[in-house]
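Peer 1: Give me a 3D structure for the following:
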Amino acid sequence: MANIKKLPVSYPMITSWQWHATLFSILSQDENAKKWIFSNYIQIRCYNIQEIFTGDDMLLADIMPGSSSLKECPYLITSLMTKQQIESYCGNIIDFIIKTIDLDGYVYGVFDEAKILCDAEVDYKFPHELFIYGYNMDEEVFYVGDFTFKDHYSYSTVSFKDVEKGYDVITASDDHMFKDDYKGTRGLYVILKNSDTPYYDVDITLIRDTLREYLNSVDTKNHFRMMRNRFSDTTFGVNVYDRVLERIQKQMESEEPDFDIRALHLMYDHKVLMFERLKYLMANSYLTYDEGLLKDYEAVVNNMLTARNLLVRISITEDVTAAERFKTYFDIAKEKEVAVLLKVVAELDEKIGK
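Peer 2: Below is the predicted model of the structure:
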């Protein structure tokens, strides 16, 4: 066993949620995996949930596939290890993580980051997903990817001791990732990269059909009813613009505004990834190269970035006088995106038939 081992990672194309940041940290530079990535991550959805930390009402927006992508992606082999299995196989969490990394496995799961962030005993928990991709035996630290430690997604280190503390106190009810997927149990994901063999090619028909569903705000989740009961208030596709804008405007009108900018981060990431997809499809002759079309979509990305940054500024200053300017950037992004993607769907219709 080496004293230091780091599995390969690259800073992810999108980072809005930990599950996306984890998958893209492992795969976003892999040419085979790009064929799957750019065939998916087209549809977006949002729905109301109860925020797991505060209990407040939250509008959760995500790109499909969401957290299930870690299990569904053909270029990852994901094993689900229950807490009982981990303890039986290795005795303790530290040995389990080290042995997993030695076998080229990444580790992903929920830890109490309050225990990691604070030396003193605290009477609350902050359950959050942690991505572990290496270790240093000399310094007794794990190499991790996370949002919490630097207020944005970053790679850093966490001591063996803190990882152990953060793992031990999490119960099945705290484990919002594992329990939802695996029937109320507690555990960790072991993820192996599996991209040497091309298991999946670019699926132009899927891209075309999902773009249609996005543009028409079709209930894409209906395709997956066999897997899980559905939320009753989900909004899909371009209608997410309207629902997110409505939510933000209500926050701006509140006497005590409490802005949640996570939906804006997600929507900006969606535009970044769509822009990369268009460039990829043109570079590989799935679409005709069209510099004007790319410039038009780049304007979508820039308007969404401006809207997001403006909302961040408003959330800090609580000066809502820029609310109308925010709406303008948002509306321009929606209008330009619909125009570009309608042209893309029309070209794909010509190539593959309606």
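Peer 1: Walking through the protein, point out its strands one by one.
Peer 2: For the chain, strands defined by DSSP state E occupy the ranges 4-6, 44-50, 57-63, 76-82, 105-112, 127-136, 141-146, 154-159, 187-193, 235-236.
Peer 1: Columns mean pLDDT, mean neighbour count and distance to residue 329 on top of these, output as a markdown table?
Peer 2: (Each C-beta comes from the backbone N, C-alpha and C, glycine too.) Converted to a markdown table, the strands of the chain look like this (pLDDT from 0 to 100; neighbours: other CB atoms under 10 Å; distance: least, CB to CB, whole Å):
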| stretch | mean pLDDT | mean neighbour count | distance to residue 329 |
| --- | --- | --- | --- |
| strand 4-6 | 95 | 14 | 40 |
| strand 44-50 | 85 | 18 | 18 |
| strand 57-63 | 86 | 19 | 17 |
| strand 76-82 | 90 | 16 | 36 |
| strand 105-112 | 91 | 24 | 35 |
| strand 127-136 | 91 | 22 | 30 |
| strand 141-146 | 94 | 22 | 30 |
| strand 154-159 | 92 | 16 | 27 |
| strand 187-193 | 92 | 22 | 37 |
| strand 235-236 | 92 | 21 | 20 |
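Peer 1: wait, which of these is closest to residue 279?
Peer 2: Ranking the strands of the chain by proximity to residue 279 (CB to CB) places strand 57-63 first, at 17.8 Å.
Peer 1: mind listing what the nearest residue to residue 337 once chain neighbours are set aside touches?
Peer 2: Excluding the flanking residues, the one nearest residue 337 by CB to CB, 6 or more residues apart in numbering is residue 300, at 4.6 Å. Contact analysis of residue 300 by CB atoms under 8 Å, 6 or more residues apart in numbering lists 271, 274-275, 333, 336-337, 340.
Peer 1: domain ranges for the protein?
Peer 2: If you go by automatic domain parsing, the domain ranges for the chain are 9-193, 204-352.
Peer 1: The first one: end-to-end distance?
Peer 2: Right, domain 9-193. 11 Å (CA to CA, to the nearest Å).
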